[in-house]
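**Q** no sequence on hand, only this structure:
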C-alpha cells in the first residue's frame, strides 16, 4: 500500500489564512478597546469638571443665604470608573443563635418525671 500524496502548499495556505484572520480580529479588539477607554477617560474627566463647577455654585448659593433644602436636590457626586451600574450590599454575617432544645431531651425528661429547669 502506498500513502496518499499530501499537498503541503494547500495546508500551509489554509493555516496562514486562519492565522491572518486571528491577527486581524485581535488588532480590531485592541483598537476598539483603546478607543473605548479613551472615550471613557474623557467622559470621567468632563464629569469631574462639571461636578466641581456645580459644587462651587451650590456653595455660593448657600453662602448667599439660599435654604439648604432648596440646594440639596442639586448636589451630586462625581462618577468614577470603578463604580458599577448598581451597588449591592454585602450580606452581613449572621450571629449564631442558641440551639433549640432537642425534642428527645424534653421527651426523656417527661418519661422519667424530671422537672426541667
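**A** Thanks, I have it. Since this is a predicted model, take the numbers as computed values, not measurements.
**Q** helix or strand: which one has residue 42?
**A** helix 8-63 (DSSP states H and E).
**Q** any idea which helix or strand comes after that helix?
**A** Remark: after helix 8-63, the chain's next helix or strand is helix 68-71, criterion DSSP H and E.
**Q** mean confidence for that following helix?
**A** The pLDDT scores in helix 68-71 average 90.
**Q** who does it touch, helix- and strand-wise?
**A** Here helix 68-71 touches helix 8-63, going by 3 or more Cβ pairs under 8 Å, 6 or more residues apart in numbering; DSSP states H and E. Backbone N, C-alpha and C define where each C-beta goes, glycine included.
**Q** just checking, what packs against the helix it packs on?
**A** Using 3+ Cβ pairs under 8 Å, 6+ apart, helix 8-63 is in contact with helix 68-71.
**Q** ok, residues contacting the helix it packs on?
**A** If you take Cβ atoms under 8 Å, 6 or more residues apart in numbering as the criterion, helix 68-71 is touched by 58, 61-62.
**Q** neighbour-wise, give me the winner out of the residues you listed.
**A** In terms of neighbours by other Cβ atoms under 10 Å, these top out with residue 58 at 18 neighbours.
**Q** chain neighbours aside, what residue packs nearest to that one?
**A** Leaving aside its chain neighbours, residue 58 sits nearest to residue 71 (5.0 Å; criterion: Cβ to Cβ, 6 or more residues apart in numbering).
**Q** what residue ranges in the chain score low on pLDDT?
**A** Residues of the chain that meet the criterion pLDDT under 70 lie in 1-2, 83-117.
**Q** hmm, try it at 50
**A** Scanning the chain for pLDDT under 50 picks out 117.
**Q** turn the contacts of helix 68-71 into JSON lines, columns for distance to residue 77.
**A** Listed next are the contacts of helix 68-71 as JSON lines, based on distance: Cβ to Cβ, whole Å:
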{"residue": "58", "distance to residue 77": "12"}
{"residue": "61", "distance to residue 77": "18"}
{"residue": "62", "distance to residue 77": "17"}
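**Q** now residue 68: how far from residue 74?
**A** Residue 68 sits 11 Å away from residue 74, taking Cβ to Cβ, to the nearest Å as the criterion.
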